[in-house]
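Visitor: sharing a model prediction with you, sequence too.
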Amino acid sequence: SYHIRRGDFQFEKARIPIEEILRNTQANLRDGELVYIATDERNAAEFSPFTAAGYKVMRLDDVAHLVGLGSLTNPNWVGMIEQVIASHGRVFHGTYWSTFTGFIMRMRGYMGMGKSNYYSLKEYFNTYQKDAPKYNVGGGAGWWREWEVSWVDIDEPPAASASASGDAAAWP
């Protein structure tokens, strides 16, 4: 699955052509695979590079009428629905600097799929595949993305050494 941000996205560096997104991520796709694209792009023809490469493309607009989304009383729910759908892909490719992508990645982490999160921007493509200390946030706040500490070992008590050193609250 993908999140491909368009619309009013302020980070031009991350707004790359669809052909480049496909080129950067295609190694993660299986031949003829169905790809779900969460997007604010209204023109379905923009995703023709995927179909030309043999992939089946699905967007919320393609199925909204089948599941009754046309009758939503609050259109703001559509984004949340898209995040849930996109979070269930075999692999996920998101838009760097997008908090919408960040939350999809967090949900995938909760489901044990955090290592199959990727960014479509080549420079940051494999950010989640790099081994890093559990509490490392890469030297910056990174408000746009999620960190593995959000989902790794969240159901486990802190290590005894951490509690003894005062680094973590005592487990109840």
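Guide: Received it, and whenever you're ready, just let me know what you need. Numbering: from 1, shown residues only.

Visitor: please count neighbours and contacts with C-alpha atoms only from this point.
Guide: Fine.

Visitor: which other helices and strands does the single longest helix found in the chain contact?
Guide: Using DSSP state H, we find that the single longest helix of the chain is helix 99-110. Applying 3 or more C-alpha pairs under 8 Å, 6 or more residues apart in numbering; DSSP states H and E, one finds that helix 99-110 contacts helix 77-86, strand 92-94.

Visitor: now Y96: how far from S71?
Guide: 32 Å (C-alpha to C-alpha, to the nearest Å).

Visitor: what comes into contact with whatever helix or strand N24 lives in?
Guide: Assigned by DSSP states H and E, N24 belongs to helix 18-25. Contacts to helix 18-25, defined as C-alpha atoms under 8 Å, 6 or more residues apart in numbering, come from residues 46-47, 49-50, 93, 120-122, 125.

Visitor: in that helix, what's buried?
Guide: Buried positions in helix 18-25, judged by neighbour count with 16 or more other C-alpha atoms under 10 Å: 18, 21-22, 24-25.

Visitor: so, low pLDDT: which residues of the chain?
Guide: 9, 131-144, 157-172 (pLDDT under 70).

Visitor: recalculate using a threshold of 80.
Guide: 7-14, 67-73, 75, 126-172 (pLDDT under 80).

Visitor: that one: strands as residue ranges?
Guide: 2-4, 34-39, 56-58, 92-94, 117-119 (DSSP state E).

Visitor: could those strands be laid out in CSV, adding distance to D153 and mean neighbour count?
Guide: Shown next, in CSV, are the strands of the chain (distance: least, C-alpha to C-alpha, whole Å; neighbours: other C-alpha atoms under 10 Å):
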stretch, distance to D153, mean neighbour count
strand 2-4, 26, 25
strand 34-39, 29, 21
strand 56-58, 34, 16
strand 92-94, 22, 27
strand 117-119, 18, 26
